[in-house]
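> how does the following fold in three dimensions:
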Amino acid sequence: MSNTRIAFIGAGNMAASLIGGLRAKGLDAAQICASDPGAESRTRVSTEHGIETFADNAEAIQDANVIVLAVKPQAMKAVCETLRPSLKPDQLLVSIAAGINCASLKNWLGASPIVRCMPNTPSLLRQGVSGLYATAEVSAEQRDQAQELLSAVGIAVWLEEEQQLDAVTAVSGSGPAYFFLLIEAMTAAGVKLGLPRAVAEQLAAQTALGAAHMAVSSDVDAAELRRRVTSPGGTTQAAIESFQAGGFEALVEKALGAAAHRSAELAEQLGQ
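Numbers count the residues shown, from 1 in each chain. As a prediction, this is how the structure comes out:
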């Protein structure tokens, strides 16, 4: 990325997170710029990261190698159609907008190299994970650029088929909310068992964090980790059996299926 210039279209939270991650990894502020219609957003990202900002999108992308489309899905069509006359054939477009497929982006932008990404909100803390899909026009060098861009805020995983992004949305894109729901439920249960709410919240959240660290750093899968902490006839086994008697695994499968289905529906509603 040493000679790469990156322009962000949109300077909201996710764009600011990516910019912060790139700066933390050593990318010079002069290599990054952002455009946004809101003066407050431009001032914030410029002050925090020392980058140049623009009110005009076309001006921002003039010398860019990589253009990051970081606008709301509902605004994507209008933004792309205004960018199209100013695009150069070798500029890489990276979309981080949910629900907008590559066919729609090509229709609005022309035959540009496109990488479509699905990041998640922990990216704001540089603890995210993103699914990436590249169109046929994307070169090996451009894949590396997209990889480095998303790796600045966590882990980047490449997909062979675009439709797999619906599954990524279901598992990791929406996934943080599932864990927040579990933390909420564990906190409420802890209070009913006699704990002060603040203590129950701390216990539930820190346990989730610790378990996630173990899952990520271990050389065995989650099922084995679960077995290792589930002593026969013990307290954990009692809880696990209660979860399973309530159809826990089937409920998770149903919930993720609903999220993936909705992701595909949104692509149809917002696209082309």
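> now the helices: where do they sit in the stretch 151-272 of the chain?
164-168, 175-192, 197-217, 222-228, 235-245, 248-270 (DSSP state H, counting those that start in this stretch).
> A34 belongs to a strand, doesn't it?
Yes. Using DSSP: H, G, I helix; E, B strand; the rest coil, the assignment for A34 is a strand.
> assign the residue nearest to it when sequence neighbours are not counted to helix, strand or coil.
Of all residues not flanking A34 in the chain, F8 sits nearest, at 4.0 Å (CB to CB, 6 or more residues apart in numbering). Just so you know, the C-beta spots here come from the backbone N, C-alpha and C atoms, and that holds for glycine as well. What three-state DSSP gives for F8 is strand.
> and the closest residue to P119 other than its chain neighbours, what helix or strand is that in?
Nearest residue to P119, sequence neighbours excluded (CB to CB, 6+ apart): S130, at 4.2 Å. Using DSSP states H and E, S130 sits in strand 128-134.
> where in the chain is pLDDT low?
In the predicted model, the chain carries pLDDT under 70 at residues 272.
> now the residue nearest the centre of it: how far from H261?
Central residue of the chain (CA atoms, centre = their mean): P119, 1.1 Å from the mean position. Counting by CB to CB, to the nearest Å, the separation of P119 from H261 is 21 Å.
> roughly how far is the strand holding S130 from the heart of the chain?
Once both centres are worked out by CA atoms, centre = their mean, to the nearest Å, strand 128-134 turns out to sit 7 Å from its chain's centre.
> got the CA coordinates for it in CSV?
What follows is the C-alpha trace of strand 128-134 in CSV, where atoms were taken according to Å, rounded to 0.1, in the frame of the first residue of the first chain:
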residue,chain,number,x,y,z
GLY,A,128,-13.8,-7.1,13.2
VAL,A,129,-14.1,-9.8,10.6
SER,A,130,-15.1,-9.1,6.9
GLY,A,131,-16.1,-11.3,4.1
LEU,A,132,-14.8,-10.2,0.7
TYR,A,133,-15.8,-11.1,-2.9
ALA,A,134,-14.0,-9.8,-6.0
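> what sits up against it?
102, 113-123, 142-143, 146-147, 150, 153-159, 161-162, 164-165, 168, 172-173 (CB atoms under 8 Å, 6 or more residues apart in numbering).
> what about burial for those residues, which qualify?
102, 113-123, 142-143, 146-147, 150, 153-154, 156, 159, 162, 164-165, 168, 172-173 (16 or more other CB atoms under 10 Å).
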